[in-house]
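In: mind folding the following:
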Amino acid sequence: MLYTVTLAEGVFPGVSQVFKELGHLDLAEHIYINQLNEVKPSDTVIFGAWHPQYSLPLRRCKSKKKYISWHSPLAQAELNNESEFIRLILDLKKKGIIQGIVHMDYDNYKIFGGENDFYLPHPFSTDRFKEHRKKYAKAVDPKSISFFTAFGNKQKNIMCTLGGVSRTQKKYPVMLHVNGMPDVYRRFSDTLGIKYTDHGFIPEDKYYEMIYGTKLGLQVSVSEAFNYVVAIFLALGTPCIVSPAIAENFKIEEDPVLRVKNIDSPVEISRKINDILVMDGEEYKVLSDDCIEIVEELSVRNNKKAKETIGKII
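Out: Here you go, the predicted model:
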């Protein structure tokens with residue numbers, strides 16, 4: 001049996017999403033650190049990312065194999081002060097406390113990967129979104145933009161994105177929808193005169209419904225190994241403007257509509273937003289269908305490789 005482990009509900013949401021997707025594919029069962037007593041000597045365990053609270057449970061865990069997953073590309077690790085974590089994880093492997101590292105970023109795997117290390121592409125199941133597309137009528141609000149993100153993460157390129165929205169709102173009467181924007185960005189948005197609605201925490205069903213009814217989403221990140229927010233937007237047929245880092249992960253590097261070339265340019269971000277806002281119904285329908293096709297192809301590709309990798313890990 002393969003178990004994936006995180007500290008508690010709500011901790012490491014990005015890591016938890018990876019493990020949730022493994023569960024959708026019946027490849028692993030997710031538990032929290034206080035449930036490690038359920039693990040048997042014949043099991044394999046992947047601890048999600050690194051946290052100091054793993055130190056003792058990691059040593060006491062009775063599984064036959066123990067791994068730690070490493071998710072952040074190096075630029076993201078540097079921006080979010082994680083640079084020491086990879087050194088600690090490598091030291092745990094050197095001392096034999098863990099058998100290996102599961103890398104979620106291919107470049108990191110090529111740099112740090114050694115014996116008993118694995119590259120695991122981000123799994124993503126699209127089947128459940130087919131039901132959501134049936135459940136909610138595709139009644140798109142043509143005056144809506146969604147920027148749902150982890151506002152505390154520096155790689156999310158928040159100020160440039162808000163600058164792009166500000167420029168767009170000077171031309172088009174659109175509303176920006178956000179989730180739990182901190183005061184520092186509220187003040188910045190107010191300074192720019194941005195019209196926004198902050199929905200705070202959004203339950204999953206409502207979250208999907210909002211994305212489905214939004215004209216477009218924004219995820220112009222500096223650095224990402226993947227981006228599940230983008231995957232959800234595309235799976236629901238809602239276009240999402242992305243950075244080159246995300247475009248590469250989704251194999252849409254040359255996409256002329258969704259990819260921003262210069263993530264430092266609010267003007268370019270605004271131009272991309274405007275290009276989608278002015279699409280007529282038929283153009284938008286074609287783009288929406290293309291988005292679904294992109295993520296379904298990615299799902300098949302990543303899930304196949306994920307199954308192969310998990311087979312080697314256990």
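
In: so the closest residue to R60 other than its chain neighbours: helix, strand or coil?
Out: For R60, ignoring the flanking residues on the chain, the nearest one in space by C-beta to C-beta, 6 or more residues apart in numbering is L36 at 7.5 Å. Bear in mind the C-beta positions are built from the backbone N, C-alpha and C, glycine included. Applying DSSP: H, G, I helix; E, B strand; the rest coil to L36 yields a three-state assignment of helix.

In: mind listing the strands for the stretch 101-250 of the chain?
Out: Assigned by DSSP state E, counting those that start in this stretch, the strands in the stretch 101-250 of the chain fall at 118-119, 141-147, 175-178, 196-198, 214-219, 240-242.

In: so what touches stretch 14-31?
Out: 1-6, 38-39, 46, 48-49, 69, 71, 104, 120, 122-125, 128, 150, 228, 303, 306-307, 310 (C-beta atoms under 8 Å, 6 or more residues apart in numbering).

In: from those residues, which land in helices?
Out: Here DSSP state H is the test, and the contacts of stretch 14-31 give R128, Y228, N303, A306, K307, I310 as lying in helices.

In: make JSON lines from these and add neighbour count to it.
Out: Formatted as JSON lines, the ones in helices among the contacts of stretch 14-31 follow (neighbours: other C-beta atoms under 10 Å):
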{"residue": "R128", "neighbour count": "10"}
{"residue": "Y228", "neighbour count": "17"}
{"residue": "N303", "neighbour count": "21"}
{"residue": "A306", "neighbour count": "20"}
{"residue": "K307", "neighbour count": "14"}
{"residue": "I310", "neighbour count": "20"}
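
In: in a markdown table, list those along with pLDDT and distance to Y172.
Out: Formatted as a markdown table, the ones in helices among the contacts of stretch 14-31 follow (pLDDT from 0 to 100; distance: C-beta to C-beta, whole Å):
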| residue | pLDDT | distance to Y172 |
| --- | --- | --- |
| R128 | 87 | 33 |
| Y228 | 97 | 28 |
| N303 | 97 | 38 |
| A306 | 97 | 40 |
| K307 | 97 | 44 |
| I310 | 97 | 46 |
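
In: closest to F201 out of these?
Out: Within the ones in helices among the contacts of stretch 14-31, proximity to F201 (C-beta to C-beta) peaks at Y228, which comes in at 16.7 Å.

In: with adjacent residues omitted, what lies nearest to the closest one?
Out: Per C-beta to C-beta, 6+ apart, closest to Y228 is Q17, 4.8 Å.

In: now the one you found: which helix or strand?
Out: Assigned by DSSP states H and E, Q17 falls within helix 13-24.

In: what about the stretch 51-200 of the chain, any weak spots by pLDDT?
Out: Along the stretch 51-200 of the chain, the model assigns pLDDT under 70 to residues 136-138.

In: again, only this time at 50
Out: The model of the stretch 51-200 of the chain has no residue with pLDDT under 50.

In: how about the helices in it?
Out: Remark: helices assigned in the stretch 51-200 of the chain by DSSP state H, counting those that start in this stretch are 55-60, 74-79, 83-94, 106-112, 127-135, 158-169, 183-192.

In: what's the closest of these to G281?
Out: For G281, the closest of those is helix 127-135, at 17.1 Å, according to C-beta to C-beta.

In: any idea how far L234 is from P13?
Out: Distance of L234 to P13, computed by C-beta to C-beta, to the nearest Å: 19 Å.

In: look at these two and report which has more neighbours.
Out: Neighbours per residue (other C-beta atoms under 10 Å) separate L234 from P13, with L234 holding more: 30 against 12.

In: quick check, pLDDT for that one.
Out: We have a pLDDT of 97 for L234.
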